[in-house]
Structure formats: structure tokens, C-alpha cells
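Participant: Got a sequence here, can you model it:
(2 chains)
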Amino acid sequence: MSDKKSPNISPQHREYLRRVKRRKRTIFITQISLLILFFALWEVAARIGAIDPFITSQPTRIIDTVLNLYRDGKLFNHIAITCVETILGFIFGTLIGILVAIILWWSEFLEKVMEPYLVVLNSLPKIALGPIFIVWIGAGPSAIVVIAMTISVVVTILEVLNGFLGVDQEKIKLVKTFGANRVQILTKVVLPSSLPVMVNALKVSVGLSWVGVIVGEFLVSKAGLGYLIVYGGQVFQLDLVMASVIILSIAAFLMYRMVAWIEKLVVKRN
Amino acid sequence: MSYVVEVCKLGMKYHSLNGEIDALKNINFSVSEGEFISIVGPSGCGKSTLLSLIAGLIVPTTGGVFVEGKPVSETSEKVGYMLQKDHLFEWRTIYQNVILGPEIRGTLNAETKEYALKLLDTYGLLEFKDKYPSQLSGGMRQRAALIRTLVAKPEILLLDEAFSALDYQTRLAVTEDIYSIIKKEGKTAILVTHDISEGISMADRVIVLSKRPATIKKIYEIKLSCEKRTPLRSREAPEFREYFNKIWKELDVNV
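Facilitator: Here you go, the predicted model:
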């Protein structure tokens, strides 16, 4: 860091730094241009009648739809419901996943017993369980959270358990020479050295949680972005569907960045 | 004369589905206080097993180990263990790393904390105490690892190929460094190594083990005519090559 500020860097190095910076900026500008170009083409194609906006919608109509939702005061309500369901889903999924991973790490016997069940659960499309949860829990946000959680929890268990089992045995031997018991091995070695794995699991489970929530909202809800998408589809309002999908992309992107930011904080020291 | 470590008729068998593996057979030796013992043997002969047994990490099949006259049944603070790599925890600062022993044993108090700081100071790592291991050089890391072992105040140090993860030059320097610290602290040490030169350069006695099942082939008393012995000076002593050749022949390595 400090060499950047130091005044006595060679002209070659300054040139190199400038090149790196310029390249970064070019990439960013290209990314933004691509996005603008895509929407512009879409708009133009709709205006000149190359595509039918009734089926494909068009950017200006999407903006109108978002503004209308905003004026009705429902926009942020829908966004908030979906986001809260997702966050709850992935927090529960992660917590329960880590807890189960700890239990399975603790008892090798249990781990061996559970292995085939985990494999089956992992390969099973968890969405198939959706209707079961709706019957059991009732058609509402709690069922959606449970669906989201179920989708993310199995992957979390497997990822984190793998991380736990991959901890350097020599490090465990080291704390054993100091007389560490199993709880201490867990808290002093296994958990801290698996922190990057756990945060990585968080990243995966955030994405899966979105899948769970949207599918859950398709199935039961009366509000949320998934509901808007399915409702818009049913009444053939593609403007509403497209608007919701775009908002969803932005929300998902922001949440991913948030997790990535947490990862940076945590993994920095590892 | 009383011995710090006594190994009596020690035998170890491992079980696997493919059968039984005889790792050690009838090992007998004793170590007196302040002595430096090197154990050399062909790779895979059970040298590390021997150290794990002395440390009380595993239970022998036959015989036993006595530390200060008491049979070893579990790990004790009297025995410090140094592994092949430094294994400093990347998520802890140097200071937090060196107090790991007392922290686990539940003996972390003002006194042990002060002792840890004193050791860091004596061996030139005090200014790095709040740094993370990745910010230290290989040699300094190894020294921090030794301090972590010493903070637990062991009587006996077990060094399990303790320098073999380092490159050759660093290794010579670290050997010199660690040797002087061990001598200064007056500890008894048992070094396991596959490097004959390293074994001779540090040891008062070299124990040569046979192939598996490992038995003691021979014990060499290392007497070198050099003043103020250090590992590097030992290597220059005229007797060094003789010992080396004898042990080399004893190991009987066939490629």
C-alpha cells in the first residue's frame, strides 16, 4: 500500500500502475455500456415494431410499472417481504447447517450413519418438498422461509463438514500435545480455521435461498417479488414480470455483494 | 543416577483391515537431564510413533514410558512437542499463539502471561507480538513455535523432524538458533530426524533405529573435539565424518 504513496517510484512503475488503473476503468465502462446498449436496443426494437412489447415488454414501460408500484406504496413492501424471507432462510439454513456439521464432526459414527441420507437429500430437488411444507406449516411466509432454508441447509452441512474434516491433522495434534479436549479442539482449531469455508458456504446458500423464496412465493404467497412475477404472468402483464425480475436481480446482486464484503472482513486474517 | 525419560520394553502395533503392523519392538533407552538425544532411522520406521508415545498422545501395546519416574498415560505439561511445521495459527497474533498452551491447560494468568512476554523479549520477538504469523520470516516463525512450546514450561522437548519444512540455508540457521535456546533454557531434548548430519550436529547421543519393526540398532555417544559446541561448529569437527560414515553404514540404505 505504502509504495503507491511514496514519491520516489520509478517512471516505469508509475506507468505500470497507470496501465493497471486504465484497464480497470475500461472494463467498468464496457460493462456499463453493455447494459445501456442492451436496454437501448430493447427500447428501439419495441418502438419500431421489431418486437411486440405486449410479449417482450420494453424499458420505458418497465419504468412506468415500477413508478406505479411505488405510487401505490406497494413497491418497497414487496421487495422487503422477499428480502426478509431470503435473509431468514439463509441465516437459519447456515446456522442449522453449521450446527449439524458440528454434531457430525463430533461423532464419526453418526457421520458414517448419516452419509447416505445426506447424499440423497443433496441430490433431491428440495423444491419437490414445497407442497409438503405448505400442508404442514400453512400457506404463508413461514412455509416460504422453511423452503428457502431446506434448500440451503444441506449444501451448508456438506460444505462445512468437508471443511471441518479437512482441517490439518497436525494442527489438531499440536493442541492435543497441550492436553486439549474435544471442545477445545473444536473452538481453538476447527472452527477458526474453517471460517473461510463457512463464509463460502454463506455465499452459496444466499443464492440458493433466493431460489427457495421465489419458488415458495410462486406456490403460495400474496405478496413479494415472486408473487408479482407469477401474478404478472397469469394476467399476461409482461411489464410487471420484467420489472419484478429486474428488481430481483438488483436485490440479489446487492445481497451477494454484502456477503462478499463480510467474507473479505473475515478471511482477511486467514 | 536418575533419568528424566525412561523407555522400557516399548512396543507398538497398529491394526488395519490389511493386517497388523509392527511399528516398534522392544525399545529401551534412558535420557538424563539436559541431554540432547537424536533418533535417526530409515523413513517410515516409526520414529514419529516413538515421540507420540513419549508425549502420551497414543498408548503403547507393550512396555511403557516413564517421565521423571512416573508412567506416561496422557499428555503432560512436562513434555513439549514441536512438529515438522511451525503450525502457528494464522488467525492469532504471535502473542496469542505463544500463550496457546497455558490457555488450553487453563493456567493462563498474570504470571504465565508475563513469562510469555519475557521469552518473546529474550528471543527478539517482542516487537512482533501483535503481528500475524504471515508477517514473519520462516526462521522467526520457527522461533515463535519454540517459544509457544517453552511457555508451557516443559522439562523435555520432543522435536519431530522439527526443521524439515524449511529450506536448507534457513534450516542451518534455525537449527543453530533453536539449539542455543534449548541449551540456554537447560532443557532435555529428543530430536527425531532422517538427516544424519543434523542428528549428529546437535546430539550428545544418537540412537539408530532399524527398519520396521523398529528396534534400536546402536547408540552412538557423540564426542567431538570442538570448543563451545554448536551445530555448525560440530559439523567442522574432525570426528564428524567418522560418525556420519558409521551411522550411514548402520542405516544400510539400499536404493
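
Participant: What separation do you get for B:S52 and B:L100?
Facilitator: B:S52 sits 19 Å away from B:L100, taking CB to CB, to the nearest Å as the criterion. Every residue, glycine included, has its C-beta placed from N, CA and C.

Participant: next one: B:G199
Facilitator: For B:G199 relative to B:L100 (CB to CB), the value is 28 Å.

Participant: Please, where are all the strands along chain A?
Facilitator: For chain A, no strands are identified by DSSP state E.

Participant: Next: chain B.
Facilitator: With DSSP E as the criterion, chain B has strands spanning B:5-16, B:19-31, B:36-40, B:62-67, B:70-71, B:79-82, B:156-160, B:188-193, B:205-209, B:216-221.

Participant: which bits of the stretch 151-255 of chain B sit near chain A?
Facilitator: Within the stretch 151-255 of chain B, the positions near chain A by CB under 8 Å from any CB of the partner chain are B:A152.

Participant: what ranges of the stretch 151-255 of chain B fall below the confidence cut-off?
Facilitator: B:253-255 (pLDDT under 70).

Participant: in it, which spans are helices?
Facilitator: Assigned by DSSP state H, counting those that start in this stretch, the stretch 151-255 of chain B shows helices spanning B:168-184, B:196-202, B:231-236, B:239-251.

Participant: buried stuff in the third one?
Facilitator: The reference is to helix B:231-236. Neighbour-count burial for helix B:231-236, counted by 16 or more other CB atoms under 10 Å in any protein chain shown, picks out B:231, B:234-235.

Participant: Going by distance to chain A, which of those wins?
Facilitator: B:P231 (24.3 Å; CB to the nearest CB).

Participant: contacting residues around that closest one?
Facilitator: Residues counted as contacts of B:P231 (CB atoms under 8 Å, 6 or more residues apart in numbering or on different chains) are B:172, B:175-176, B:179, B:198, B:201-202.

Participant: Contacts only, for the closest residue to chain B within the stretch 51-200 of chain A.
Facilitator: Scanning the stretch 51-200 of chain A for the residue nearest chain B gives A:T177, at 3.8 Å (criterion: CB to the nearest CB). Residues counted as contacts of A:T177 (CB under 8 Å, 6+ apart) are B:55, B:57, B:75, B:79-81.

Participant: With respect to pLDDT, which of those ranks lowest?
Facilitator: pLDDT is lowest at B:T75 among these; the value there is 86.

Participant: quick one on the thing from earlier: out of the contacts of A:T177, the closest to chain A would be?
Facilitator: B:Y81 (3.8 Å).

Participant: Is that closest one bridged to anything, and to what?
Facilitator: Per DSSP bridges, the residues bridged to B:Y81 are B:L158.

Participant: Turn the helices of the stretch 151-255 of chain B into CSV, columns for distance to A:F109.
Facilitator: Shown next, in CSV, are the helices of the stretch 151-255 of chain B (distance: least, CB to CB, whole Å):
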stretch, distance to A:F109
helix B:168-184, 41
helix B:196-202, 42
helix B:231-236, 48
helix B:239-251, 42
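
Participant: ok, and which of those helices has the densest surroundings?
Facilitator: helix B:196-202 (a mean of 24; mean count of other CB atoms under 10 Å in any protein chain shown).

Participant: so what does that helix touch, helix or strand wise?
Facilitator: Counting contacts by 3 or more CB pairs under 8 Å, 6 or more residues apart in numbering or on different chains; DSSP states H and E, helix B:196-202 packs against strand B:36-40, helix B:168-184, strand B:188-193, helix B:231-236, helix B:239-251.

Participant: what does chain A put close to chain B?
Facilitator: So far as CB under 8 Å from any CB goes, chain A lies against chain B at A:168, A:170-171, A:173-180, A:184, A:188-189, A:192-193, A:195, A:269-270.

Participant: The residue nearest to the residue of the stretch 51-200 of chain A closest to chain B when sequence neighbours are not counted - how many residues pack around it?
Facilitator: Nearest non-adjacent residue to A:T177, counting by CB to CB, 6 or more residues apart in numbering or on different chains: B:Y81, 3.8 Å away. Residues near B:Y81, counting by other CB atoms under 10 Å in any protein chain shown, number 25.

Participant: Longest helix of chain A, counting residues only.
Facilitator: Ranked by residue count, the top helix of chain A under DSSP state H comes out as helix A:11-47.

Participant: Put the alpha carbons of stretch B:190-201 into PDB.
Facilitator: Output in PDB follows, covering the C-alpha atoms of stretch B:190-201 (Å, rounded to 0.1, in the frame of the first residue of the first chain):
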ATOM      1  CA  ILE B 190      14.800 -35.600  21.900                       C
ATOM      2  CA  LEU B 191      15.100 -34.900  18.200                       C
ATOM      3  CA  VAL B 192      13.700 -37.300  15.600                       C
ATOM      4  CA  THR B 193      15.300 -36.800  12.100                       C
ATOM      5  CA  HIS B 194      16.100 -38.600   8.900                       C
ATOM      6  CA  ASP B 195      19.000 -36.200   8.400                       C
ATOM      7  CA  ILE B 196      22.100 -37.900   9.800                       C
ATOM      8  CA  SER B 197      24.200 -34.700   9.800                       C
ATOM      9  CA  GLU B 198      21.600 -32.800  11.600                       C
ATOM     10  CA  GLY B 199      21.200 -35.600  14.100                       C
ATOM     11  CA  ILE B 200      25.000 -35.700  14.900                       C
ATOM     12  CA  SER B 201      25.400 -32.000  14.900                       C
END
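
Participant: List the contacts of B:K217.
Facilitator: The neighbourhood of B:K217, defined by CB under 8 Å, 6+ apart, consists of B:208-210, B:250.

Participant: now the strands of chain B as CSV including distance to A:G97?
Facilitator: Formatted as CSV, these follow (distance: least, CB to CB, whole Å):
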stretch, distance to A:G97
strand B:5-16, 33
strand B:19-31, 38
strand B:36-40, 45
strand B:62-67, 43
strand B:70-71, 44
strand B:79-82, 34
strand B:156-160, 36
strand B:188-193, 41
strand B:205-209, 47
strand B:216-221, 51
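
Participant: To B:L125, which of those lies closest?
Facilitator: Of all the strands of chain B, it is strand B:79-82 that lies closest to B:L125, at 16.0 Å by CB to CB.

Participant: What is the longest helix of chain A packed up against?
Facilitator: helix A:53-56, helix A:59-72.

Participant: again, only using 6 Å
Facilitator: helix A:59-72 (3 or more CB pairs under 6 Å, 6 or more residues apart in numbering or on different chains; DSSP states H and E).

Participant: mind listing what's buried in the helix it packs on?
Facilitator: A:59, A:61-62, A:65-66, A:69.

Participant: So what touches that helix?
Facilitator: Residues from elsewhere that reach helix A:59-72, judged by CB atoms under 6 Å, 6 or more residues apart in numbering or on different chains: A:39, A:42-43, A:75, A:239-240, A:242-243.

Participant: Try it again at 7 Å.
Facilitator: For helix A:59-72, contacts defined as CB atoms under 7 Å, 6 or more residues apart in numbering or on different chains pick out A:39, A:42-43, A:53, A:75, A:239-240, A:242-243, A:246.

Participant: Give me the domain ranges for chain A.
Facilitator: Annotated domains of chain A cover A:11-51, A:64-269 [automatic domain parsing].

Participant: most packed of those domains?
Facilitator: The stretch of the domains of chain A with the highest mean neighbour count (mean count of other CB under 10 Å) is domain A:64-269, at a mean of 18.

Participant: mean confidence for that one?
Facilitator: 92.

Participant: now the buried residues of helix A:59-72 in CSV, with distance to A:Y16?
Facilitator: Output for these, formatted as CSV (distance: CB to CB, whole Å):
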residue, distance to A:Y16
A:P59, 41
A:R61, 48
A:I62, 43
A:T65, 48
A:V66, 44
A:L69, 49
